[in-house]
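> sequence first, predicted coordinates after that:
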Amino acid sequence: MNPLPNTVPARTQSTADSTAAARPGSMLITGISELTTQDAEHRVLHGAAVLVEGDRIAWIGPAEQAPAAEAVHDLGGRAVLPGWVDSHTHLVFAGDRGAEFEARMAGEAYSAGGIGVTMETTRGADDAALAALVASRVQDAVDGGTTFLETKTGYGLSVEEEARHARIAAEAVDAVTFLGAHLVPPGADAAEYLDQVRGPMLEAVRPHVQWADVFCERGAFDAEASRRVLQDCAAAGLGLRVHGNQLGPGPGVRLAVELGAASVDHVNHLDDADVEALAGSWAGEGAGTVATCLPACDLSTRQPLAPARRLLDAGVEVALASNCNPGTSYTTSMSFCVSTAVLQMGLSLHEAVRAATVGGARALRVDDEVGSLEVGKRADLHVLDAPAAIHLAYRPGMPLTHAVWRAGRRAA
Ligand SMILES: N=CN[C@@H](CCC(=O)O)C(=O)O
Ligand SMILES: [Zn+2]
């Protein structure tokens, strides 16, 4: 762990229970004004302390009952919450599309065709350049409190390029999604391209990815093509996710539920049957399909904000994610997504934080490991330069991330 200016050997701090021997490498975090656990009881604790041993949370409880630790880190009265789990990004790209964005702000509509522009610039970046771009975006995300990050391929759109992007992504993030079915590349034959995605491309990316996704939307892939890709990817052992119902009503949500996808993302245009299908997926035992809302993207494309309030009220698990990509959402700021969800989407602060932590973890099916602060889980902590988490929405746009621990190590 990096030495911290205000981490000092425990003997210079007083803890009530210092009789038991401190484990080597253990660190007690004190001075927590508010601890948002996002555990099953939704506990928000005041005056709590957290013991970290190695990469795990070993103890949480009242500071005055804290066990001995080798070092104590006093936060001086700051709020702590789980690190953000960003379950939807497209970080493997070169170039930007600022001019396209500017035209959109002047009234032009978003269309999937811009993906081809990024495909061209990304193909022109060699491995070292592309890896450096991805690494700097990952560091930006971590600096903003993100401790678990998914990213997708989807700007390669050839067997060789998709495999290269998947390999580069796998070296940089926690979970990688194959999105060969992002767009039929300009000039390609749609049927031939689909065969490639389902055959050699899937085989080439397979060693590097855990998930598969399809852009199921008018102008990209229809329901039948999407189903075929997703079924082949499932047969290859990949978990499923879907880009659905972003630009208009469509079949994406119901396809995702039908195929047992872990998430369907965007969800801007939903009818009653879509909401019922999503709610139904959570009605039985086991995990259903998470509805992932992408507010930064909705603002950047001037789509109606996804109906997160309606989904929560219907019993659907909701996630918030950044969707960082050069076309529709050039930001990794999860704090921005959380504040937007509170200020404009009708969520309480607690609901928004849950969606950006537990919700993302459930969307990636890693909620037994990350997304909440509980004994035994990975020590992923986001410390705010504020006394309470409500400041995320109360002071939108302010740089509130004070410190980040990822797997027990100081990451920012
Ligand atoms: N909607 C599909 N894919 C991206 C946008 C990709 C692009 O325009 O470059 C998204 O999630 O918004
Ligand atoms: Zn996306």
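Looks like it came in fine. Ligands and ions are numbered 1, 2, ... in the order given.
> mean pLDDT per helix and strand in the protein: which one sits at the bottom?
Within the chain, confidence by mean pLDDT, DSSP states H and E is lowest for strand 7-9 among all helices and strands, at a mean of 49.
> please name every helix or strand in contact with the very next helix or strand once past that strand.
Heading C-terminal from strand 7-9, the first helix or strand you meet, by DSSP states H and E, is strand 27-36. If contacts are counted by 3 or more C-beta pairs under 8 Å, 6 or more residues apart in numbering; DSSP states H and E, strand 27-36 sits against strand 44-45, strand 48-53, strand 71-82. C-beta here means a position set from N, CA and C on the backbone, and glycine is covered the same way.
> so for strand 27-36, what's the average pLDDT?
Taken as a whole, strand 27-36 has a mean pLDDT of 98.
> next one: stretch 243-262
Stretch 243-262 comes out at a mean pLDDT of 98.
> so how far is it off the chain centroid?
19 Å (C-alpha atoms, centre = their mean, to the nearest Å).
> and T37, backbone torsions?
phi -80, psi -30 (degrees, to the nearest 10).
> and the helices and strands packed on strand 27-36, which is most packed in?
Highest mean neighbour count of these: strand 48-53, a mean of 24 (counted as mean count of other C-beta atoms under 10 Å).
> residues in contact with that strand?
By C-beta atoms under 8 Å, 6 or more residues apart in numbering, the residues outside strand 48-53 that reach it are 23, 25-30, 32, 35, 57-63, 66-67, 69, 80, 373, 379, 381, 405, 408.
> D368 belongs to a strand?
No: when DSSP: H, G, I helix; E, B strand; the rest coil is applied, D368 is found to be coil, with no strand at that position.
> what pLDDT is listed against it?
98.
> excluding covalently adjacent residues, which one is nearest to it?
K377 (8.0 Å; C-beta to C-beta, 6 or more residues apart in numbering).
> repeat for R302
Using C-beta to C-beta, 6+ apart, the nearest residue to R302 is R104, at 7.0 Å.
> any idea how many residues pack against that neighbour?
19 (other C-beta atoms under 10 Å).
> again, but for L343
Neighbours of L343 (other C-beta under 10 Å): 14.
> which residues touch the residue lying closest to T153 once chain neighbours are set aside?
In space, not counting the residues next to it along the chain, T153 is nearest to H165; the distance is 4.4 Å by C-beta to C-beta, 6+ apart. Contact analysis of H165 by C-beta under 8 Å, 6+ apart lists 92, 122, 130, 153-156.
> what are the ranges of the strands in the stretch 301-412 of the chain?
318-320, 381-384, 401-406, 409-410 (DSSP state E, counting those that start in this stretch).
> try the stretch 151-300 of the chain
Going by DSSP E, counting those that start in this stretch, the stretch 151-300 of the chain shows strands at 175-181, 211-216, 239-244, 263-266, 290-293.
> so is the fourth one next to ligand 1?
No: under the criterion of C-beta under 6 Å from any ligand atom, strand 263-266 makes no contact with ligand 1; the nearest approach is 6.6 Å.
> quickly run through the sheet partners of that strand, with directions.
Its sheet considered, strand 263-266 pairs with strand 239-244 (parallel), strand 290-293 (parallel) by DSSP bridges.
> now for those, which one comes closest to ligand 1?
strand 239-244 (5.0 Å; C-beta to the nearest ligand atom).
> what about P207, how many neighbours?
10.
> please read the previous query as pertaining to A21.
10.
> what's the closest non-adjacent residue to it?
A68 (6.7 Å).
> helices along the stretch 251-400 of the chain, start to end?
252-258, 272-281, 295-301, 308-313, 334-344, 349-354, 360-363, 391-394 (DSSP state H, counting those that start in this stretch).
> next one: the third one to chain centre, how far?
Think helix 295-301. The answer for helix 295-301 is 16 Å, by C-alpha atoms, centre = their mean.
> check contacts around the residue lying closest to A403 once chain neighbours are set aside.
Leaving out its chain neighbours, the residue that sits closest to A403 by C-beta to C-beta, 6+ apart is V383, at 4.2 Å. Contacts for V383 (C-beta under 8 Å, 6+ apart) come out as 75, 78-80, 401-405.
> got those as a markdown table, with distance to ligand 1 columns?
Shown next, in a markdown table, are the contacts of V383 (distance: C-beta to the nearest ligand atom, whole Å):
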| residue | distance to ligand 1 |
| --- | --- |
| L75 | 36 |
| R78 | 34 |
| A79 | 31 |
| V80 | 31 |
| T401 | 24 |
| H402 | 30 |
| A403 | 30 |
| V404 | 25 |
| W405 | 29 |
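> return the member of those nearest to G248.
T401 (35.9 Å; C-beta to C-beta).
> check what pLDDT the closest residue to the closest one other than its chain neighbours gets.
Setting aside the residues directly before and after it, T401 is nearest to G145 in space (C-beta to C-beta, 6+ apart), at 4.7 Å. Note on G145: pLDDT of 98.
> what of A10?
At A10, the pLDDT value in this model is 47.
> Y155 and G180 touch, don't they?
No: at 10.6 Å, Y155 does not count as touching G180 under the criterion of C-beta atoms under 8 Å.
> show me what from the chain comes close to ligand 1.
Residues of the chain lying near ligand 1 (C-beta under 6 Å from any ligand atom): 90, 114-115, 118, 215, 243, 246, 297, 323, 325-328.
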